[in-house]
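Visitor: No sequence on hand, only this structure:
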């Protein structure tokens, strides 16, 4: 789908008297990696969940390739968007292979197609094949992250969504995976949204950075452009706070 896009029009969600998304409008385009950057409580994960359909809007609209995001459209949307939650969401009672192949099996993929895609994905995310019969509890944090990535991308949808995908990893593993993902996303030619509170992750992975604060989308642009503006939130809230 070369013209894949996600369009948010005045998207609004109120979770409590003090926490809400406030009239967010933005268009996400194909072949771009977007980093949704913000501190805890800024609304970035809430915004991502509204895009997946896991959290209903109070008002406004979100469309993915012209399909409105709502409860009645969850099945077609799942075939357009792959989602990786913050805690990876792996089923502890299923092996790595069964976790990864679960959605494709439910969609009726043949054994031949499952095996072909499984072999492709093992190579793509650099997971050792001997881990396929193991269970999530037997894996390291970095290995579980790779398994979750495989499951997210298994159907080869045009859109991938990630909610704080690196937050549980140690710095060494995180640095290795950031380098791999940077190369991977440039090759895949997909629309990718990554929620993060890390400026380093945002500037390493994001072609575009969206800065959120207090439930609002405050600014967007490349790291180069936003960091060059001393009045941008990126400069004031993230770059300045990371300097000694």
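Guide: Thanks, I have the structure now. This one's a predicted model, so the numbers in the text were calculated from it and none came from an experiment. Numbers count the residues shown, from 1 in each chain.
Visitor: What residues does residue 203 make contact with?
Guide: Contacts of residue 203 were listed using C-beta atoms under 8 Å, 6 or more residues apart in numbering, and they are 35, 209, 223, 227. Any C-beta I mention is one placed from the backbone N, CA and C, and that applies to glycine too.
Visitor: Return, as residue ranges, the portions of the protein with sub-threshold pLDDT.
Guide: 1-2, 241-244 (pLDDT under 70).
Visitor: quick one: contacts for the residue nearest to the spatial centre of it?
Guide: For the chain, the residue nearest the mean C-alpha position is residue 162 (1.7 Å; C-alpha atoms, centre = their mean). With contact taken as C-beta under 8 Å, 6+ apart, residue 162 is in contact with 83, 84, 152, 192, 193, 194, 195.
Visitor: and if we set it to 7 Å?
Guide: Residue 162 is in contact with 84, 193, 194, 195, counting by C-beta atoms under 7 Å, 6 or more residues apart in numbering.
Visitor: Walking through the protein, point out its helices one by one.
Guide: Taking DSSP state H as the criterion, the chain carries its helices at 44-52, 74-78, 96-106, 111-125, 141-153, 171-188, 199-205, 223-228, 233, 240-242.
Visitor: Tell me which of the ones you listed lies nearest to residue 134.
Guide: helix 96-106 (5.7 Å; C-beta to C-beta).
Visitor: Can you give me the buried ones in that closest one?
Guide: Across helix 96-106, burial judged by 16 or more other C-beta atoms under 10 Å covers 96, 97, 99, 100, 101, 103, 104.
Visitor: cool, stretch 133-149 as well?
Guide: 135, 136, 139, 142, 143, 144, 145, 146, 147, 148, 149.
Visitor: related to what we said a few turns ago, now the helices of the chain as a markdown table including distance to residue 25?
Guide: Below are the helices of the chain laid out as a markdown table (distance: least, C-beta to C-beta, whole Å):
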| stretch | distance to residue 25 |
| --- | --- |
| helix 44-52 | 12 |
| helix 74-78 | 20 |
| helix 96-106 | 31 |
| helix 111-125 | 34 |
| helix 141-153 | 26 |
| helix 171-188 | 25 |
| helix 199-205 | 21 |
| helix 223-228 | 19 |
| helix 233 | 18 |
| helix 240-242 | 28 |
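Visitor: Residue 21 is nearest to which of these?
Guide: helix 44-52 (5.7 Å).
Visitor: Just the closest of the buried residues of stretch 133-149 to residue 40, please.
Guide: The shortest gap between residue 40 and any of those belongs to residue 145, at 20.5 Å (C-beta to C-beta).
Visitor: quick one, what contacts the closest one?
Guide: Residues near residue 145 by C-beta under 7 Å, 6+ apart: 88, 165, 169, 177.
Visitor: How is the chain divided into domains?
Guide: 1-80+157-244, 88-156 (automatic domain parsing).
Visitor: Could you dump the contacts of residue 145 into TSV and include neighbour count?
Guide: Shown next, in TSV, are the contacts of residue 145 (neighbours: other C-beta atoms under 10 Å):
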residue	neighbour count
88	20
165	24
169	18
177	21
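Visitor: and those residues, which of them are in strands?
Guide: Assignment to strands by DSSP state E places none of the contacts of residue 145 there.
Visitor: need the residues you listed in CSV with distance to residue 109, can you?
Guide: Listed next are the contacts of residue 145 as CSV, based on distance: C-beta to C-beta, whole Å:
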residue, distance to residue 109
88, 22
165, 25
169, 30
177, 27
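Visitor: what are the bridge partners for residue 216, then?
Guide: Beta-bridge partners recorded for residue 216 (DSSP bridges): residue 213.
Visitor: Quick check: the gap between it and residue 235.
Guide: Separation of residue 216 from residue 235 (C-beta to C-beta, to the nearest Å) stands at 18 Å.
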